[in-house]
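# okay, here's the prediction I keep looking at, along with the sequence it came from:
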Amino acid sequence: MMAGQGRPKGSPRVEGSGRKPGVPNHATRDIKELAQQHGPAAIARLVELMNQTEFLAVARAAASELLDRAYGKPPQAVVGADEGPVKMVLSWLPREGIDGEEPAGRRDDSTGDQLAFN
């Protein structure tokens, strides 16, 4: 491994290393500060684009961007088949397995529960 490339993939992290929770990333902080200086001008330009009438698709896109930044993006529904709710079915094999056979996988010796399938 070359110097400055960090630890090898898969090796444990050294206790106490890395950025502490709640400490901002300094690289992105600087970029964010620079971009925020242009925020008022960018919003003013979006308003100009929204108010122009020649290209309605541009006006709509600008209005959508302004609304997303002011109020957040609208929630997206997660739907299943036929636009219905998502349905998840979980089931367990009985401890003795199907037709009295031992199910494939490992068992937790303390409870007899199935842990994993092979």
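Alright, I've got the coordinates.
# okay, now A63: neighbour count?
A count of neighbours around A63, defined by other Cβ atoms under 10 Å, yields 15. To be clear about C-beta, it is placed using only N, CA and C from the backbone, and glycine gets the same treatment.
# residue contacts, it?
Residues touching A63, when contacts are defined by Cβ atoms under 8 Å, 6 or more residues apart in numbering, comprise M50.
# mind listing the helices for the protein?
26-37, 39-51, 56-71 (DSSP state H).
# and those helices, which one's lowest on average pLDDT?
For the helices of the chain, the bottom mean pLDDT is recorded on helix 26-37, which sits at a mean of 87.
# what's the offset of that one from the middle of its chain?
In terms of Cα atoms, centre = their mean, to the nearest Å, the centre of helix 26-37 is found 22 Å from the chain centre.
# could you tell me the angle between it and helix 39-51?
Put simply, helix 26-37 runs at 50 degrees to helix 39-51, going by axes from the mean of the first three to the mean of the last three Cα atoms, to 10 degrees.
# tell me the buried residues in helix 26-37?
Applying a neighbour-count criterion of 16 or more other Cβ atoms under 10 Å, one finds nothing buried in helix 26-37.
# i'd like the first residue to be 58 from this point on
Noted, 58 is the first residue going forward, which turns the last one into helix 83-94.
# quick one, phi/psi of K77?
As for K77, its main-chain torsions (degrees, to the nearest 10) stand at phi -80, psi 150.
# pLDDT score assigned to it?
Predicted confidence (pLDDT) for K77: 83.
# now do the one 4 residues further on
P81 carries a pLDDT value of 78.
# next, the contact list for it, please.
Contacts for P81 (Cβ under 8 Å, 6+ apart) come out as none.
# and the one 4 residues further on, by the same measure?
Under the criterion of Cβ under 8 Å, 6+ apart, T85 has no neighbours.
# give me the most central residue, this protein.
In the chain, the centroid-proximal residue (Cα atoms, centre = their mean) is Q133; its distance is 13.8 Å.
# this completes my enquiry, with thanks.
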